[in-house]
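Asks: just to be clear, the model below is a prediction. Sequence and coordinates:
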Amino acid sequence: MSIYDKLNEPQREAVYHTDGPLLILAGAGSGKTRVLTHRIAYLIEERNVNPWNILAITFTNKAAGEMRERVDSLVGFGSESIWVSTFHSMCVRILRRFIDRLGYDNRFTIYDTDDQKTLMKEVCKKVAIDTKVFKERSLMSAISSAKNELILPDEFELNAGGDFAKLKIAKVYREYEAQLKANNALDFDDLLVKTVQLLQTQPDVLENYQERFRYIMVDEYQDTNTVQFQLVRLLAGKYRNLCVVGDDDQSIYKFRGANIRNILDFEHEFSDACVIKLEQNYRSTGNILNAANRVIANNKGRKEKTLWTANGEGELVHLRQFDTGYDEADFIAEDIKKEVRAGASYNDHAVLYRTNAQSRLLEEKFVAMNVPYKIVGGVNFYARREIKDLLAYLKTIDNGMDDIAVRRIINVPKRGIGLTTINRIQESAAERGLGFYETLMAPELIPGIGRSAAKLDSFAALIEYFKGLTGQMSITDLLREVIEKTGYMESLDSEDKEDAQARKENIDELINKAAAYEEAAEDRDEPATLSAFLEEVALVADIDSLDEEQDYVVLMTLHSAKGLEFPHVYLAGMEDGLFPSYMTITSDDRDDLEEERRLCYVGITRAEQELTLTCARRRMVRGETQYNKISRFIKEIPAELLDTGSRRIEPETEVPVQQNTYAHAREAFRARAFGAAYSNGAGKSSGVSSGKSSQGLASLQKGSQLAAGSGGSPDYAEGDRVRHVKFGEGTVLEIRSGGRDYEVTVDFDSAGVRKMFAKFAKLVKIS
DNA sequence: GCCGCCAGTATTTTT
DNA sequence: TACTGGCGGC
C-alpha cells in the first residue's frame, strides 16, 4: 500500500496530474496541503523529478516551514533542496543575486510601512505637496495599488489624463521611486515589481529560473495580485507545469491588491488547464460546515461548489449575545476554562475577531483569569520603537546608503544633533548629489554647520567603528556592542519606568532572535550575514511565531487565521458595524460586503468541533458607546443550526444576558490557586506556563460542571479503545456517572492518564 | 535644541 | 480612547 492510497479520488487525481497547468479548487478543510505535499512527494519519488526543480510558494513563512516538514516525512530525503517560500522571500533571494542588473546595489534594504511613511513625508516636502490635502497614507496606498498592477510612474501619469489630483500623485510616485533608489531601498511591493522587471528585461536570468523551476506550485492562489500572477506566469512560461491551489470563497485580501480574477480566469489564461475540485471537508462537523455553506451561498459570482463532510453532525453552533464587550470577553475566558477543566487544552481554542482593537478586552480578561494566551498581530514586534532604532543601526552599518535609517539614529540616543543640523546635512547632500551619511562624514564641507561638526565627527566615528567589527564578530555580539557603545539602555531609563522595562525586555528578545538566526544559518550551512538577518526580520509575519506545541489560547484577526484550524473557535464581535464593518455596510460597492462575507466563511470554517459566535449589544469603540445589532451574517445561518443558550433568540429583541453565577466565587479562589500563568503576547513570545488546576479547584469545578452538563451516556465502556482529538488513542480505565455527565479516565498511549468529562472530551470509540 | 502640551484623527484587514 | 504631529516656551 502506498502513501497515495489514503487520498480520496479527486485528491489522487490532483497528485497524479503532474504536467501542464492545473487548477485545484480546494474548499476549506479539503486537504489541500495534503495534496500539495503528496504531489511533491509523487514528483520526486515516482516521476524522478529532481527536488531542486520544484518551487512551492506559500502565503506565510510558517506555512512554508510546515510544508517542507511534511514533505520531509513523506520522502525522507531531498526535501531540503526544494525551494519552498513566500512570494516575498523568493523575490528577495532572486534580487540579492541579480538586482545589480537594474542598477541597484545587491545589499539593498527593505522598507516597512513605517519607513515608507517617513520617506513619503520627505517626498511630499520636496514636491511641495500639502499633506493635509493628500494624506501620506492615501498616497502610499495609491502607489501600492499601482505597483500591484505593475503600473510604473510613466504609465500612471499617462493614465491620469488631465486629472489634476492624479497628476500630483504621479509626481509623488516618481519622486518616491527616485528616493527609494537613492537610498538603495525597496518597499514590499518593489520586491515583486523589481523581480518581474528583472525577469522581463534579462533573458538569461529568466532562462536560468525557468530551467530551475520546472514544477511550480502556488498555494492560496485566490489571494495573489497582478504582479504575483505575472511573476508566476514568467517563471512557468517555459515548462508550463504550474499547479495553483485556492478557494475563491476564501479570497480576503482585496485591500492588498489581491485579484480574484486570477483564480476565476485561470482557465482562460491557460486554456488547456485541468480543473479539479476538492469538495470533501475533513475538518469540521456537519453543523459547522452547513452554517458556513449557508452563509457563503449569499455571495454571487463564485465558482459553484458544495462542501460536504462524512463527519457527524456534531454540536450546534453556539450563539451568545451579551450586554457589553466586557461580558463577552468574560464569557469566552470562562468558557475556555470550563472546557480545560473538562480535559481540553488551552491550545484547542482560538478567539477570532475582525479588528485588532478587540483583542484588548479579551487580553485583560485572560490576564485576570490566568488563561494563558498569545495574541497574533497587532503592533508588530519589529515595528516597536526600540527595535526599529537598533535595526536602524544595523542597517546603517550594513548599507550606508539608507538615509532613513541614518536619520533615525543620528540623534538616538540624544547626542545634541538637532533638526537644524539634520536639515543642513540634507540640503548639502541634495545639492551635491550625495547620500546623507556620506555627507555627514565630512562636516567641514557643510555650510553653516558650526559647532555641530564635532558631534557629527564622533557619530561617524562610532558608525565606522561598528562597520569595522562586522567581519570579525557575530551579529549577536555586534548588536550587544551597539547597545553598549551607544548607551542605549541607559537612555531608556530617562523615560517612564514601566515603558523602559518592557523595552529592555524587547531588546533582549531581539538579541535572542539574532542568536536564533545565527544558529539556524549554521544549521543550513550558510554564512550568517547582517543583510540576511535584516531581511529575515523584515519579512516575518507575526503569525510565523505561532507555536502549536505551546499550550495557549490564540487570539487573532480573521485575516491572520487563514489556513489554520482549531477544535474550538470563538468568533467574537459578531455585530453589524463591526463585522461586517461599518465601512463595508455603507460602501456602495457590493463586492466589499461579499469580501466581508468570505471573511466570515473563513472564520467559521476554522472550527473543527465547536463554534461559538458571540456579540454584544453595546460596545466601546474609540471612546464612545456603539449600539449594534446582531451581524447580518448570523441571520444567514438557519436557526436550526444554532443553539442560543437557555432561550430562543430573536435577533431584533432582547436576549438574556449570559451570566455565570459561579464567576465571582471562583475569581477569588483562583487568585490563590494559580500562579502567574499567562503570557502577554506583546513581544515576549515564549515562556508560557500552563495553569494546571489544583485539587481543590478541580472539585469545585466538578460541581458546577455536572450541574450544567447534559447529554446521553457514552457509547464506549471501560476497557475500550478510544480516540481523543488532541491526546490521540488510549484505553478507557474508568467511567464514573455523576449527575448528567460522565467522568471518564483514559490512559492515553502518548499523553498518559487523564480524567475528563464525556460531554467535552468527545471520545470516539475505535475497534 | 529640547520638552511638554494641545488638537486632530483614526481603525478594517497585512506581506 | 490613544496615538501622533505641530507648535510654543524655555
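Replies: Nice, thanks for sending it over.
Asks: so the closest residue to DNA strand C within the stretch 251-400 of chain A versus A:A541, what's the distance?
Replies: Residue nearest to DNA strand C within the stretch 251-400 of chain A (CB to the nearest atom of the strand): A:R360, separated by 7.4 Å. Yep, even glycine has a C-beta here, placed from its N, CA and C like the rest. Distance of A:R360 to A:A541, computed by CB to CB, to the nearest Å: 21 Å.
Asks: what number of residues lie near the residue of the stretch 251-400 of chain A closest to DNA strand C?
Replies: 14 (other CB atoms under 10 Å).
Asks: confirm it sits in a helix?
Replies: Yes. Assessed with DSSP: H, G, I helix; E, B strand; the rest coil, A:R360 lies in a helix.
Asks: please work out which residue of the stretch 551-700 of chain A is closest to DNA strand C.
Replies: For the stretch 551-700 of chain A, CB to the nearest atom of the strand, closest residue to DNA strand C: A:G623, 2.7 Å.
Asks: burial of that residue, as a residue count?
Replies: What A:G623 shows, counting by other CB under 10 Å, is a neighbour count of 5.
Asks: also the one 4 residues further on?
Replies: Each residue near A:Y627 was counted by other CB under 10 Å, and the total is 10.
Asks: and for stretch A:43-59, what's in contact with it?
Replies: Stretch A:43-59 has contacts (CB atoms under 8 Å, 6 or more residues apart in numbering) with A:18, A:36, A:40, A:64, A:67, A:75, A:78-87, A:90, A:212-220, A:223, A:232, A:235, A:562-563.
Asks: among these, which are located in strands?
Replies: Counting by DSSP state E, the part of those found in strands is A:83-86, A:215-218.
Asks: just list whatever residues bridge to A:R754.
Replies: A:V746 (DSSP bridges).
Asks: what residues does chain A have near DNA strand C?
Replies: A:117, A:131, A:620, A:622-623 (CB under 7 Å from any atom of the strand).
Asks: residues contacting A:R597?
Replies: If you count contacts by CB under 8 Å, 6+ apart, then A:R597 has A:295-296, A:298-299, A:580, A:633 around it.
Asks: which two among those residues are spaced furthest apart?
Replies: A:I296 and A:P580 (13.8 Å; CB to CB).
Asks: next SSE downstream of the longest helix along chain A?
Replies: Secondary structure assigned by DSSP state H gives helix A:497-523 as the longest helix of chain A. Following helix A:497-523 in sequence order, the next helix or strand is helix A:530-539 (DSSP states H and E).
Asks: that next one vs helix A:497-523, what angle?
Replies: Put simply, helix A:530-539 runs at 120 degrees to helix A:497-523, going by axes from the mean of the first three to the mean of the last three CA atoms, to 10 degrees.
Asks: so how far is helix A:530-539 off the chain centroid?
Replies: Here helix A:530-539 is found 18 Å from its chain centre; the criterion is CA atoms, centre = their mean, to the nearest Å.
Asks: how about stretch A:117-134?
Replies: Per CA atoms, centre = their mean, the centroid offset for stretch A:117-134 relative to its chain is 30 Å.
Asks: between the two ends of that stretch, how far is it?
Replies: Terminal residues of stretch A:117-134 lie 13 Å apart, using CA to CA, to the nearest Å.
Asks: got the contact list for it?
Replies: A:111, A:136-137, A:139-140, A:165, A:168-169, A:171-172, A:175-176, A:179-180, A:183, A:404, A:408.
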